[in-house]
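>>> Sequence plus the predicted model coming up.
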Amino acid sequence: MTHRPYTPWLFLLPGLAISLLFVIFPFLNMIVLSFTDASALGGGRFTGVDNFVRMAQDPKFWVAARNSLLYMVGVVPPLVLLPLLIAMLAQKVVPGIGIFRTAFFTPVIASAVVVGLIWTWLLDSRGLVNNVVEALGGTRIGFLTDSTLLLISSMVVTIWRGLGYYMVIYLAALANVPKDLHEAAMVDGAGPIRRFWSVTVPSLRPTMVLVAALSAVNGFRVFSEIYLLSGGSGGPGGASTTMVLLIQSVGRGLTGEVGYASALSFVLFVILLGLLLVTLKLNRREDQL
């Protein structure tokens, strides 16, 4: 049977059309709009780099960039280490381990809105946590009204949601660690902790770099946790606003500044691209070791 040379492209055409319409065109349009003063109602004229100059002079941008950076730094180490420890427990074949795995993975598939409502109910000034604190003789804590505590609370939610996802990645990687390495280490008298640092961690370094990259990107572009816990305000006076939340607030509504929001989005893209390039370089270095 002979195949026409264009037959494979017919199968690729639907996917390519969707990518072109919903990914490539919006991305290119965003770059073009970032050099204009376009509004939500359309139009706009070419303004050169005015949006980027404005961004450099905008205190809200620097607050959002700082918060996003702090958020990334706060969530990456726990999301690299904790899922690994949980995966090492979850890989053991013991009765009830399926329930254990399901319990940790359930937050991953839960709706972001549901998760936000649950944690808002827990951390609100009249929520469960503060009621317990007050019952124990303490004073109520402003988890959602203090800018610093709001960021920390959002980090906790992000870590809680991400544990199950990264646990699955580590489980797949642990299944590929050669058992003979552990057996050889045991013969040499290495205990569990020594085997963890000398066998498990070196074998999982590429996976740990991958998890660090994914959690860093997701941490820097965080939106739903901050938005839901702050009620869309970004905290008191917008002090807990992150990059994506700032983009949403600038570009939304009939008076939205689409040009400036596009410039913010372009800068966010460049930052995330830089993170991915650093990760790629680290992965290549690991492959050369």
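Here it is on my side, so go on. Numbering: from 1, shown residues only.

>>> Which residue comes closest to residue 212 once chain neighbours are left out?
residue 80 (5.2 Å; Cβ to Cβ, 6 or more residues apart in numbering). All C-beta spots, glycine's among them, are computed from the backbone N, C-alpha and C.

>>> That neighbour contacts residue 207, correct?
No - when contacts are counted by Cβ atoms under 8 Å, residue 80 is not listed as touching residue 207 (9.7 Å).

>>> Name the helix or strand for the residue nearest to the spatial centre of the chain, please.
Centroid check for the chain by Cα atoms, centre = their mean gives residue 218 as the closest residue, at 1.6 Å. Using DSSP states H and E, residue 218 falls within helix 205-220.

>>> In terms of secondary structure, what does that helix contact?
Other elements packing on helix 205-220 under the criterion 3 or more Cβ pairs under 8 Å, 6 or more residues apart in numbering; DSSP states H and E are helix 59-90, helix 147-174, helix 258-288.

>>> Tabulate the ones you listed in TSV, adding columns for mean pLDDT and distance to residue 186.
Formatted as TSV, the helices and strands packed on helix 205-220 follow (pLDDT from 0 to 100; distance: least, Cβ to Cβ, whole Å):
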stretch	mean pLDDT	distance to residue 186
helix 59-90	94	16
helix 147-174	93	17
helix 258-288	86	26
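
>>> Could you point out the helix or strand that follows the particular helix or strand that has residue 102 in it?
Element membership for residue 102 (DSSP H and E) is helix 97-109. From helix 97-109 onward toward the C-terminus, using DSSP H and E, the following helix or strand is helix 112-123.

>>> helices or strands next to that next one in the packing?
Using 3+ Cβ pairs under 8 Å, 6+ apart, helix 112-123 is in contact with helix 128-135, helix 147-174, helix 224-229.

>>> now what about the helix holding residue 102, what contacts it?
86, 89, 90, 115, 160, 161, 162, 163, 164, 165, 167, 168 (Cβ atoms under 8 Å, 6 or more residues apart in numbering).

>>> now those as a markdown table including distance to residue 194 and neighbour count?
A markdown table is the format used below for the contacts of helix 97-109 (distance: Cβ to Cβ, whole Å; neighbours: other Cβ atoms under 10 Å):
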| residue | distance to residue 194 | neighbour count |
| --- | --- | --- |
| 86 | 21 | 19 |
| 89 | 18 | 13 |
| 90 | 22 | 22 |
| 115 | 38 | 19 |
| 160 | 31 | 16 |
| 161 | 33 | 21 |
| 162 | 29 | 22 |
| 163 | 26 | 20 |
| 164 | 28 | 21 |
| 165 | 29 | 19 |
| 167 | 23 | 24 |
| 168 | 27 | 16 |
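
>>> now for those residues, which pair is the farthest apart?
89 and 115 (23.4 Å; Cβ to Cβ).

>>> quick revisit: how about the helix holding residue 102: buried residues?
101, 104, 105, 107 (16 or more other Cβ atoms under 10 Å).

>>> In terms of distance to residue 243, which of the residues you listed ranks first?
Each of the buried residues of helix 97-109 was scored against residue 243 by Cβ to Cβ, and residue 107 proved nearest at 23.7 Å.

>>> Excluding chain neighbours, what is closest to the closest one?
residue 161 (4.8 Å).

>>> pretty sure residue 82 contacts residue 160?
No - Residue 82 is beyond contact range of residue 160, at 9.9 Å (criterion: Cβ under 8 Å).

>>> Run through who's touching the helix holding residue 218.
68-69, 71-72, 74-76, 79-80, 83-84, 158, 162, 166, 169-170, 173, 201, 243, 268, 271-272, 275-276, 279, 282-283, 286-287.

>>> What residues sit buried inside that helix?
207-220.

>>> Let me have those residues in a markdown table, extended by pLDDT.
Compiled in a markdown table, the buried residues of helix 205-220 are given as follows (pLDDT from 0 to 100):
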| residue | pLDDT |
| --- | --- |
| 207 | 90 |
| 208 | 91 |
| 209 | 89 |
| 210 | 89 |
| 211 | 93 |
| 212 | 92 |
| 213 | 90 |
| 214 | 92 |
| 215 | 94 |
| 216 | 93 |
| 217 | 93 |
| 218 | 93 |
| 219 | 93 |
| 220 | 94 |
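
>>> Would you mind giving these as a markdown table with distance to residue 47 added?
Putting these into a markdown table (distance: Cβ to Cβ, whole Å) gives the following:
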| residue | distance to residue 47 |
| --- | --- |
| 207 | 45 |
| 208 | 44 |
| 209 | 40 |
| 210 | 40 |
| 211 | 41 |
| 212 | 38 |
| 213 | 34 |
| 214 | 36 |
| 215 | 36 |
| 216 | 32 |
| 217 | 30 |
| 218 | 32 |
| 219 | 32 |
| 220 | 27 |
